[in-house]
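Participant: generate a structure from the sequence data that follows.
(2 chains)
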Amino acid sequence: MAEHVPVVEVNDVSKRFIIRKEKSLKERLVNAGRSKQFKEDFWALKNVSLEIGSGQTIGLIGPNGSGKSTLLKTIGGIIQPTSGTIRRRGRLAALLELGAGFHQDLTGRENVYLNASILGLSRKQTDLYFDDIVEFSGIKDFIDTQVKFYSSGMYVRLAFAVAVHVDPDLLLVDEVLAVGDEAFQRKCLDKIRSFQREGRTIVLVTHSLGQITEFCDRAVLLNKGEVLFDGVPHEAVRDFRDVLEERRQDEAEAHNATHEEQVPVNNGRIVSTTVHAAGRAEGDPVHPGDDLIVRVTYEHPTGLPDWIAAIQIDNVQGVPVYGTASPRMKLDLGVLREPTTVEFVLHDVQFGTGKYFINSTLMNRERAHVHDVPQAVSFDVPYYDLAVGIVHSTPEIRVVGA
Amino acid sequence: MTGLQESPLQRANRLSTEPWQQAGGRSSGVTGTVASVREIWEQRRLLRLLTGRELKSRYKDSAGGFLWSLAKPLTQLFIYYLVIGQFLGAARGIENFAIYIFAGLTIYTLFSEIVGAGTGSIIANAGLVKKVYLPREIFPLAAVGSALFNFAVQFVILIIASIVVGTLSFGPQLLFGLGALVLILIWGTAVGVLLAALNVYLRDIQYLVEVVLLLLMWASPILYSWQQAAAILPQWLLEIYVNSPITLAVLGFQEAFWSEASNGVPLPHLAIRMLIAGVVGLVALFAAQRVFSRLQGDFAQEL
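Facilitator: Sure thing, here's the model as predicted:
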């Protein structure tokens, strides 16, 4: 029958939050006339429309405060939108932030029954699943302990175990996978995979862009409460990196504006850093096999003898993936005084998909850092279908024997 | 459970026939209340579980368990009987004073527990309210449930005591007891539901409620007779006093379990007054639910 069966319809939803600065009756009475001053409102969601079909796995991404969690909560019915409507069908299980509505004073066992009941299971059905739930959570020894004594990891383990065992048609997951040790994370991700095979719908909020490209068949990028992009995950991830880069630059500018006087004028500085691939313009994507050209201009007012020019390339997670410096090449740069431009040519670079940042450093002969410009410039490596990771290589896969 | 064997296509087909549910948002007016009531009814199993949880977690880790729920009313009974009844001489005009007090206290404690626990119920369950969607009326209703349990325990003691003392006799006057119970349930739930919602926005309410509940206890003829109040209060105040649902419920309970054998003077037209208070209470309950429903949309963010 129907190929595309919508299970969630978000229709022009907006959500306004009002932040009141006073909380008690006294304060409110005292400030009754001027309550405007003590209120601040902002739109967490602005005219968001979304249709989610059965069996889809959707990733919601966006910077902090972009409305991802709010959107998830409105889908879950926990927060009501200020305007617009949301409808959904089928059984819903939600894992929002840490834990899924446990009562501190009750034991793990009692909470499992309580939670299962909230999610719509009868006692008999819960009995049936109980052993599976406990086994999946891996906290058998603590199941009769009050949950207030649980560690945050145990808490999430149990919450996740309940949520995935209640046979939901729609699972909402909010960043909980970051908690728990690696083995448990693996287990959760395996469970999510089997959910996908079973045609369940999953809405995932996560900061791990790797998870988005790995699991989701669709990603929605939110920024300041608006949908910026809705579609193929790797494109959403690319756009998201652009949003983050924009914000980083804004912040850096703001930072520079307030800290200008701290730039060491007397000690010499890095004037500029640029990057491009040989034969391509600045800002164009860098393809595997290109020669990467980084030009850095330095100056020193009083003269810096035996100075050192260095660069380092980081990926978005801040992991250094490449670094080099003039002494490695046995290069003597002499005395730095007038603006001097050094060109680093990195031959035949083979970076994997993603965004990379170049950190630029000027050092004196004792290798003390005279001036650092972290994330001075960035470049992108386009999406590559055949492989993932930070290293590029053209794969070839074949069977070599029966 | 068919779910585990279901293929993706079967699941999609089943879902395509399932009706849409509005996420969270409910309609207004009478239809809204009807929808809420239906929703709560569907979750009645959960309501029972929450009530049990409330009771369980209250006396968790104590050896005496729910017996402690008796400690307070019995102590109250003892103090009032001794101090108010004997020292201050209130017992002189009232026969079987202990039963008289206990009848009033039992029904009043029900009201005060419903309102007291109901007011704090949303905040006490913040963990659930913020994480899962439920008809939130369930929380004040669970407070009603656990208050009813404590009431039942006290009620059994009242019955036993009134049999021993000899004030209990079988007859139509027992209907007043039932009426009083219904009256308190209606009004207690209405006030509890309303204050539970307001308390989320104004935390002062829970403290205010404690004070008001103390006041209300003395504003109903639990420890003295209504004629004593009638002798002093001006007419307009007396009208308010005798027609307050709490006074009526207390009088109803006394009528049922004490009056017959103790020469009590009944308030004129008690039955009709209780009936009117009940009808007004139902309207109040409806209004309270509407307010609750209006406010509950923002609970998760206010907590």
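Participant: hey, where'd the helices end up in the stretch 151-300 of chain B?
Facilitator: Per DSSP state H, counting those that start in this stretch, the stretch 151-300 of chain B carries helices over the ranges B:174-201, B:204-218, B:226-232, B:235-243, B:245-254, B:260-262, B:270-295, B:299-302.
Participant: hmm, I was thinking of the stretch 51-200 of chain A
Facilitator: Going by DSSP H, counting those that start in this stretch, the stretch 51-200 of chain A shows helices at A:68-75, A:108-118, A:123-137, A:152-165, A:182-197.
Participant: same check, this time on the stretch 301-402 of chain A
Facilitator: Using DSSP H, counting those that start in this stretch, helices in the stretch 301-402 of chain A do not occur.
Participant: just to revisit the earlier point, mean neighbour count, the helices of the stretch 51-200 of chain A: which tops it?
Facilitator: Most buried of those, by mean neighbour count (mean count of other Cβ atoms under 10 Å in any protein chain shown): helix A:68-75, with a mean of 26. To be clear about C-beta, it is placed using only N, CA and C from the backbone, and glycine gets the same treatment.
Participant: quick one: check it for contact with chain B.
Facilitator: Yes. Applying Cβ under 8 Å from any Cβ of the partner chain, one finds that helix A:68-75 is in contact with chain B at A:73, A:74, A:75.
Participant: that older thread, mind checking the helices of the stretch 51-200 of chain A for the one nearest to residue B:6?
Facilitator: Nearest to residue B:6, of all those, is helix A:182-197, at 11.4 Å by Cβ to Cβ.
Participant: what's in contact with that closest one?
Facilitator: For helix A:182-197, the surrounding residues in contact (Cβ atoms under 8 Å, 6 or more residues apart in numbering or on different chains) are A:55, A:57, A:136, A:138, A:153, A:157, A:160, A:164, A:171, A:173, A:177, A:180, A:202, A:204, A:211, A:215, B:8.
Participant: check contacts around residue B:277.
Facilitator: For residue B:277, the contact set (Cβ under 8 Å, 6+ apart) comprises B:183, B:187, B:243, B:245, B:248.
Participant: are any of the contacts of helix A:182-197 buried, and which?
Facilitator: A:55, A:57, A:136, A:138, A:157, A:160, A:164, A:171, A:173, A:177, A:180, A:202, A:204, A:211, A:215 (16 or more other Cβ atoms under 10 Å in any protein chain shown).
Participant: still on that earlier bit, adding pLDDT and distance to residue B:52, write the residues of helix A:68-75 next to chain B out as a markdown table.
Facilitator: Listed next are the residues of helix A:68-75 next to chain B as a markdown table, based on pLDDT from 0 to 100; distance: Cβ to Cβ, whole Å:
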| residue | pLDDT | distance to residue B:52 |
| --- | --- | --- |
| A:73 | 87 | 28 |
| A:74 | 88 | 31 |
| A:75 | 88 | 31 |
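Participant: looking at the contacts of helix A:182-197, which are in strands?
Facilitator: Of the positions in the contacts of helix A:182-197, A:57, A:171, A:173, A:202, A:204 sit in strands, assigned by DSSP state E.
Participant: for chain B, what is the nearest residue in chain A?
Facilitator: Of all residues in chain A, residue A:199 sits closest to chain B, at 2.5 Å by Cβ to the nearest Cβ.
Participant: pLDDT value on the nearest residue to that residue once chain neighbours are set aside, please?
Facilitator: Leaving aside its chain neighbours, residue A:199 sits nearest to residue B:8 (2.5 Å; criterion: Cβ to Cβ, 6 or more residues apart in numbering or on different chains). pLDDT, residue B:8: 78.
Participant: so how far is residue B:85 from the residue in chain B that chain A sits nearest to?
Facilitator: Going by Cβ to the nearest Cβ, chain A is nearest to residue B:8 of chain B, at 2.5 Å. According to Cβ to Cβ, to the nearest Å, residue B:8 and residue B:85 sit 74 Å apart.
Participant: next: residue A:114.
Facilitator: Going from residue A:114 to residue B:85 by Cβ to Cβ gives 45 Å.
Participant: same question, residue B:96
Facilitator: As for residue B:96, its distance to residue B:85 is 11 Å (criterion: Cβ to Cβ).
Participant: between the two, point out the one with more neighbours.
Facilitator: Using other Cβ atoms under 10 Å in any protein chain shown, the more surrounded residue of residue B:96 and residue B:85 is residue B:96, with 22 against 19.
Participant: count of neighbours near the closest residue to the more buried one other than its chain neighbours?
Facilitator: Of all residues not flanking residue B:96 in the chain, residue B:262 sits nearest, at 4.7 Å (Cβ to Cβ, 6+ apart). Number of residues near residue B:262 (other Cβ under 10 Å) recorded here: 17.
Participant: contacts only, for residue B:262.
Facilitator: B:94, B:95, B:96, B:99, B:100, B:167.
Participant: dump those residues to CSV, plus secondary structure and pLDDT.
Facilitator: Output for the contacts of residue B:262, formatted as CSV (DSSP: H, G, I helix; E, B strand; the rest coil; pLDDT from 0 to 100):
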residue, secondary structure, pLDDT
B:94, coil, 84
B:95, coil, 84
B:96, coil, 86
B:99, helix, 89
B:100, helix, 91
B:167, coil, 84
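Participant: highest neighbour count among these?
Facilitator: In terms of neighbours by other Cβ under 10 Å, those top out with residue B:100 at 29 neighbours.
Participant: do I have it right that that residue meets residue B:84?
Facilitator: No. Here residue B:100 does not reach residue B:84: they are 10.9 Å apart, not a contact under Cβ atoms under 8 Å.
Participant: low-confidence ranges, the stretch 151-300 of chain A, go.
Facilitator: For the stretch 151-300 of chain A, residues meeting the criterion pLDDT under 70 lie at A:176-179, A:257-266.
Participant: how about chain B?
Facilitator: In chain B, residues with pLDDT under 70: B:1-5, B:24-29.
Participant: make a markdown table out of the contacts of residue B:277 and add distance to chain A.
Facilitator: As requested, these are exported to a markdown table (distance: Cβ to the nearest Cβ, whole Å):
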| residue | distance to chain A |
| --- | --- |
| B:183 | 30 |
| B:187 | 24 |
| B:243 | 29 |
| B:245 | 26 |
| B:248 | 30 |
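Participant: show me which of those residues are buried.
Facilitator: Buried by 16+ other Cβ under 10 Å: B:183, B:187, B:245, B:248, out of those.
Participant: hmm, residue B:185 and the third one touching each other?
Facilitator: The one in question is residue B:245. No. With contact defined as Cβ under 8 Å, residue B:245 does not reach residue B:185; the gap is 10.6 Å.
Participant: if we can go back for a sec, mind listing what the residue nearest to residue A:199 touches?
Facilitator: Residue B:8 is in contact with A:54, A:55, A:197, A:198, A:199, counting by Cβ under 8 Å, 6+ apart.
Participant: farthest-separated two in the residues you listed?
Facilitator: Using Cβ to Cβ, the pair of the contacts of residue B:8 lying farthest apart is A:54 and A:197, separated by 13.5 Å.
Participant: any idea where the strands of the stretch 1-150 of chain A begin and end?
Facilitator: Under the criterion DSSP state E, counting those that start in this stretch, strands of the stretch 1-150 of chain A are mapped to A:6-20, A:39-53, A:57-61, A:83-88, A:92-95.
Participant: circling back to that earlier point, so of the helices of the stretch 151-300 of chain B, which one's packed in deepest?
Facilitator: Among the helices of the stretch 151-300 of chain B, ranked by average contacts under mean count of other Cβ under 10 Å, first place goes to helix B:245-254 (a mean of 27).
Participant: what's around residue A:52, how many residues?
Facilitator: 21.
Participant: that one and residue A:5 touch, don't they?
Facilitator: No. Using Cβ under 8 Å, residue A:52 makes no contact with residue A:5, being 10.2 Å away.
Participant: between the contacts of residue B:262, which is closest to residue A:143?
Facilitator: Nearest to residue A:143 among the contacts of residue B:262: residue B:99, at 47.9 Å, using Cβ to Cβ.
Participant: contacting residues around that closest one?
Facilitator: Going by Cβ under 8 Å, 6+ apart, residue B:99 touches B:158, B:161, B:162, B:165, B:167, B:257, B:258, B:262.
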